[in-house]
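# Kindly generate the corresponding structure for this input.
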Amino acid sequence: MIERNAHLCQKNFPTMEKRPTSKHLIRFPDCDPFGHLNNARFIDYMVNAREDHVREEYDLYVYKEALQNGKGWVTGTNKIAYLREAKLMQIVTIRSHVIELSSKYLKVEIIMMDEAEEQIKAVLWATFVHMDLKTGRSTEHNEKIAELLDKVLDPIIHRTFDERVAFIKNGGKLF
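Coordinates of the predicted model:
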């Protein structure tokens, strides 16, 4: 039998990366006939990258947590701005960070850029609600998760998504 929470946050995190990044290749089946990444697939690439970031940086296996403890995150809202196209066989950099949190949810900003991180292609704000999967109701993060989230919280000055996107469109630097 697997010990409860045995997988959770086993690493010692003295220098936890608040803004993890990863590189991804835009694949043929994800593109439209013009060789541009399909709008819906932007979200898939970005959320998959976040899942990888959480697993690799924080040693948190979201699905294992859900299976073992009956608690996990579901998407509450997504807000996305498409700023530039992502093209077939292009390598993109995806960066994610927690910009807001409460005892029952977290808001993550995920940014897709070109490989050199010079042009922003898309910005996504995703709100994830922590749920008890048995009752279907929101629930508070346990102590270990809350501690981890407090360590990686990276708030931004912009209060609204539209304000953030306008800042980016006007050439504002994100990092």
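# to the chain's geometric centre, what's the distance from the lowest-mean-pLDDT helix or strand in the chain?
The weakest-scoring helix or strand in the chain, judged by mean pLDDT, DSSP states H and E, is helix 62-69 (a mean of 88). Centre-to-centre, helix 62-69 and its host chain are 18 Å apart (C-alpha atoms, centre = their mean, to the nearest Å).
# If you count contacts, what does it end up packed against?
In terms of contacts (3 or more C-beta pairs under 8 Å, 6 or more residues apart in numbering; DSSP states H and E), helix 62-69 is packed against helix 39-58, strand 71-82. Placement of C-beta: from N, CA and C, glycine included.
# Is it possible to get CSV of those that adds mean pLDDT, mean neighbour count and distance to residue 103?
Below are the helices and strands packed on helix 62-69 laid out as CSV (pLDDT from 0 to 100; neighbours: other C-beta atoms under 10 Å; distance: least, C-beta to C-beta, whole Å):
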stretch, mean pLDDT, mean neighbour count, distance to residue 103
helix 39-58, 96, 18, 18
strand 71-82, 96, 16, 13
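# do you know which of these lies nearest residue 111?
Taking C-beta to C-beta, helix 39-58 is the member of these nearest to residue 111, at 8.2 Å.
# circling back to that earlier point, got CSV for the helices and strands packed on helix 62-69, with distance to residue 106 too?
Listed next are the helices and strands packed on helix 62-69 as CSV, based on distance: least, C-beta to C-beta, whole Å:
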stretch, distance to residue 106
helix 39-58, 11
strand 71-82, 8
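# looking at these, which is closest to residue 110?
Residue 110 lies closest to helix 39-58 among those, at 4.2 Å (C-beta to C-beta).
# so the closest one versus strand 71-82, what angle?
130 degrees (axes from the mean of the first three to the mean of the last three C-alpha atoms, to 10 degrees).
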